[in-house]
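[1] Any chance you could fold what I've pasted below:
(one chain, ligands or ions: 1)
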Amino acid sequence: PLASVPMAPKDPMFGLSAAFRADTDPKKVDLGVGAYRDDNAKPWVLSVVKKADEILRQTPDLNHEYLPIAGLNEYLAASQQLVFGKDSQILHNHRVATMQTISGTGALHLGARFLSKFFPESDAKRVHVSSPPYVNHLPILHDACLETAFYPYYTPTTKSLDCDALLATLHAIPEHSIVLLHACAHNPTGVDPTQSQWRQIASVMRERQHLPFFDSAYQGFASGDLDADAWAIRHFVSLDFPALLVAQSYAKNFGLYGERTGCLHVVAQDADLAARIKSQMEKLQRVNISTPPAYGARIASTVLSSPALFSEWQEDLRTMSGRIVEMRRALRALLEKGKGEEGKWKHLTEQTGMFCYTGLDPEQVRVLREKWHVYLTGDGRVSVSGLNWGNVRYVAEAFGAVEGM
Ligand code: PMP
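    Next up, the predicted model:
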């Protein structure tokens, strides 16, 4: 009965990594990788994560029992405070239903499943996503049987946000639409709205009664400042939207990629509704993963609940974001040097977070890969953390060579 199962296409990201690994040229550079690398192009275990790990190892009663369906209690509370702020009124009023999830992907998926089941049937039961979207947004939403549409976001000509077109679309779509937003460090473009643009976006969305669904995969990783990277979410919360969702990931900011550590937060109008929402999300969780994995949540809550470890974590975040900013500056300076083209690569330093949309086209990307052994995705997206002082000159030379093609 299963004889006709067709071959599925390979995942483009994981395919790129496999091609990089198979390349035997010593000069090869991986600019596809969606994970932080240190200046030696190696994965980095945060020093605070090593410490939390030690503490856990020395905890006498630690066992391998199941966590509760919603997850580790202290982790849920600490995660809420991290996203919404310690003194947040909605936390005080118990208006947030929080579930521990399989990292950000699981949070997006649980949120999508929840909306698919409970969002009222109407024209507006469609999730609006940025153009271009994060590579996994559409597959996740479609898997949960939600329809999707694009809102304009990035303009190739200026390599920045098309805010007017975005606002016009938010005005034009049906009231009560679901809008998926990147809280900071937009993936793939690296382009974020400014605070004044966020205010405009929030105000139109409030007026049109849209439902904000934030994807927060880079809090603290983008700017090195946990509060600054949560600013957009907190601004929306301050406008008192009747409902708001946040998919939170600890993959990047704790370097806990493989531990699958995240949360879904649903802000509701009151505590009673939040409790009902949580009960329904627990049902969805039970059939999907039964209970979430424990280790990453224990690491995160150990750090989040200790003021000393928390400030060490902030230091680690500044190390990662600082190195990325340094590499953005270095690559830009090398590309513009001596060419009388001041500002041509300014998007490298204006964009933020792990990724940069270079504007390189698929043909240039192909040549970079085949001739220079420099690997990036076909859309010209560069993972800046793949750059280091050992390869940035070579990458600049390679980009310079394909620039005029
Ligand atoms: N959303 C965005 C925008 C991302 O960039 C990522 C990580 N690449 C995720 C969600 C989910 O990642 P994870 O499931 O590893 O937390």
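[2] what's the first-to-last distance across stretch 220-230?
    In stretch 220-230, first residue to last residue: 8 Å (C-alpha to C-alpha, to the nearest Å).
[3] and the chain, what are its domains?
    Listed by automatic domain parsing, the domain ranges of the chain are 12-44+320-403, 73-305.
[4] List the contacts of the closest residue in space to Lys346 that isn't next to it in sequence.
    In space, and not counting its chain neighbours, Lys346 is closest to Arg332: 7.0 Å by C-beta to C-beta, 6 or more residues apart in numbering. Bear in mind the C-beta positions are built from the backbone N, C-alpha and C, glycine included. Residues near Arg332 by C-beta atoms under 8 Å, 6 or more residues apart in numbering: 345-346, 348-349.
[5] Now Arg332: which helix or strand?
    In the assignment (DSSP states H and E), Arg332 maps to helix 307-336.
[6] Buried residues of the next helix or strand after that helix, list them for me.
    Scanning forward in sequence from helix 307-336 by DSSP H and E, the next helix or strand is helix 346-350. Buried residues in helix 346-350, counted by 16 or more other C-beta atoms under 10 Å: 347-348.
[7] What helices and strands are in contact with helix 346-350?
    Applying 3 or more C-beta pairs under 8 Å, 6 or more residues apart in numbering; DSSP states H and E, one finds that helix 346-350 contacts helix 307-336, strand 355-357.
[8] hang on, the earlier thing: show me which of the contacts of Arg332 is closest to the ligand.
    Ranked by distance to the ligand (C-beta to the nearest ligand atom), the contacts of Arg332 are led by Leu348 at 18.9 Å.
[9] residues in contact with the closest one?
    Residues near Leu348 by C-beta under 8 Å, 6+ apart: 328-329, 331-332, 335, 356, 358.
[10] And those, which two are furthest apart?
    Between any two of the contacts of Leu348, the greatest separation by C-beta to C-beta is 15.1 Å, found for Arg329 and Thr358.
[11] Between the two, point out the one with more neighbours.
    A direct count of neighbours by other C-beta atoms under 10 Å for Arg329 and Thr358 places Thr358 higher, at 25 against 12.
[12] Verify the stated contact: that one with Phe399.
    Yes - between Thr358 and Phe399 a contact is recorded at 7.4 Å, counting by C-beta atoms under 8 Å.
[13] residues near Ala308, how many?
    Residues lying near Ala308 (other C-beta under 10 Å) number 10.
[14] Against the ligand, how distant is it?
    Ala308 sits at a distance of 26 Å from the ligand (criterion: C-beta to the nearest ligand atom, to the nearest Å).
[15] pLDDT score for that residue?
    On the pLDDT scale, Ala308 is placed at 98.
[16] and stretch 224-244, how far apart are its ends?
    Start and end residues of stretch 224-244 are separated by 25 Å (C-alpha to C-alpha).
[17] near the ligand, anything from that stretch?
    No - Stretch 224-244 stays out of contact with the ligand when judged by C-beta under 6 Å from any ligand atom, the minimum separation being 12.8 Å.
[18] average pLDDT across stretch 171-191?
    Averaging pLDDT along stretch 171-191 yields 96.
[19] what about it and the ligand, touching?
    Yes - using C-beta under 6 Å from any ligand atom, stretch 171-191 reaches the ligand at 182, 187.
[20] Pull up the distance across that stretch, start to finish.
    End-to-end distance (C-alpha to C-alpha), stretch 171-191: 21 Å.
[21] So which bits of it are buried?
    For stretch 171-191, burial by neighbour count (16+ other C-beta under 10 Å) applies to 173, 176-191.
[22] picking that back up, any idea how far the residue nearest to Lys346 is from the ligand?
    Distance check for Arg332 against the ligand: by C-beta to the nearest ligand atom, it reads 23 Å.
[23] ok so, going back, which among the contacts of Arg332 gets closest to Asp30?
    For those, the minimum distance to Asp30 (C-beta to C-beta) is 18.0 Å, reached by Leu348.
[24] That closest one - nearest residue in space that isn't next to it in sequence?
    Distances taken as C-beta to C-beta, 6+ apart put Arg332 closest to Leu348, at 4.2 Å, once the chain neighbours are dropped.
[25] contacts for stretch 57-70?
    Contacts to stretch 57-70, defined as C-beta under 8 Å, 6+ apart, come from residues 56, 76, 98-100, 278, 281-282, 285-286, 290-294, 297-298.
[26] again, only using 6 Å
    The contact list for stretch 57-70 (C-beta atoms under 6 Å, 6 or more residues apart in numbering) reads 99, 282, 285-286, 291-292, 294.
[27] Just those: which are in helices?
    Among the contacts of stretch 57-70, the residues falling in helices (DSSP state H) are 282, 285-286.
[28] So which bits of the stretch 151-300 of the chain are right by the ligand?
    Applying C-beta under 6 Å from any ligand atom, we find that the stretch 151-300 of the chain lies next to the ligand at 182, 187, 215, 217, 249, 251, 257, 262.
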